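# Okay, here's the prediction I keep looking at, along with the sequence it came from:
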Amino acid sequence: MDKTDLHQLLTLVQNGHCSIAEAEKQLRHLPAENIPGACIDHQRGMRTNLPEVIYGESKSATQITTIAQALLKRSGPVMATRISRDKATKIQQKLPELQYHEQARMLTANPTTLDPDDVRGNIAIICAGTSDLGVAEEARVTAETLGHPVQALHDVGVAGLHRLLAHQELLHHASVIIAVAGMEGALPSVIGGLAPCPLIGVPTSVGYGASFGGLTALLAMLNSCAPGLGVVNIDNGFGAACLAAAINRNT
């Protein structure tokens, strides 16, 4: 349940179209619902504008299915991250309404629809190389499921800077940019010198030995000379999209 759902329910009660008993029934799982192995925070969206999300990497298909079933009974968006193809197949056998996004490794349903007046503009998601695309796609799917318009730009890393410079119109008109890069992690610093909007750097674990699984890119972004750059954890496209969504909302 989100703020809109609560307002509609209270209006129905006020107008006599919903009994107090029925309203109590709908509200009985607030603020949380206990199910086997989990306690679901249904009220999170109402508090933070970001819904409860399933982190699926260390959960079994059965556990994810049980949690997703409880979330699907509500009206809000449903997302599960870090889902392998094999695990998704098992889950979709019981919950075919969930859509699988293979590159993003996500399952989603019930995407939010935001009024255009509720957002500042487009979220631009820019990734340095095709090898970074999985993390960029996690960010894109998350942002779109949260109801935000997205423009994606792929394979424009600093090894061929002209590729990025050919898209300066996108940089200048985005309301917030997510820059995804591995290797030496230089892309966010370059964008930070070109774009006027908030910028979120996402280091990826892409690279040879001395990249240390993304640590080199993370430290490079944290030590960037470009002011105003915020950095999330390695490979955390989901977290970057949530931050971008919070920045992009007007309400």
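Now that the structure is in, tell me what you want to look at. Note that the structure is predicted; figures quoted are calculated from it, not measured.
# Which secondary structure element is home to the residue nearest to the spatial centre of the chain?
Centrality entry for the chain: nearest residue to the mean C-alpha point is residue 142, 2.9 Å, by Cα atoms, centre = their mean. Residue 142 is part of helix 133-145 when elements are defined by DSSP states H and E.
# For the chain, which residues score under the pLDDT cut-off?
The chain contains residues with pLDDT under 70 at 1-3, 26-34.
# at 50 instead, please
Along the chain, no part satisfies pLDDT under 50.
# what residues go with each domain of it?
When the chain is parsed with automatic domain parsing, its domains come out as 1-30, 32-109, 116-248.
# tell me how far the last one is from the chain's mean position?
Here domain 116-248 shows a centroid-to-chain-centroid distance of 13 Å under the convention Cα atoms, centre = their mean, to the nearest Å.
# Quick check: end-to-end length of that domain?
One end of domain 116-248 sits 11 Å from the other (Cα to Cα, to the nearest Å).
# follow-up on the earlier one: any idea which of the domains of the chain is most buried?
domain 116-248 (a mean of 20; mean count of other Cβ atoms under 10 Å). C-beta: built from backbone N, CA, C; applies to glycine.
# coming back round to it: just the CA atoms of the helix holding residue 142, as CSV, please.
This file holds the C-alpha atoms of helix 133-145, laid out as CSV (Å, rounded to 0.1, in the frame of the first residue of the first chain):
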residue,chain,number,x,y,z
LEU,A,133,25.9,-3.6,-19.4
GLY,A,134,24.5,-6.0,-16.8
VAL,A,135,24.9,-3.4,-14.1
ALA,A,136,23.5,-0.6,-16.3
GLU,A,137,20.5,-2.8,-17.1
GLU,A,138,19.9,-3.4,-13.4
ALA,A,139,19.7,0.4,-13.0
ARG,A,140,17.5,0.8,-16.0
VAL,A,141,15.0,-1.9,-15.0
THR,A,142,14.8,-0.6,-11.5
ALA,A,143,14.3,3.1,-12.5
GLU,A,144,11.6,2.2,-15.0
THR,A,145,9.8,-0.1,-12.6
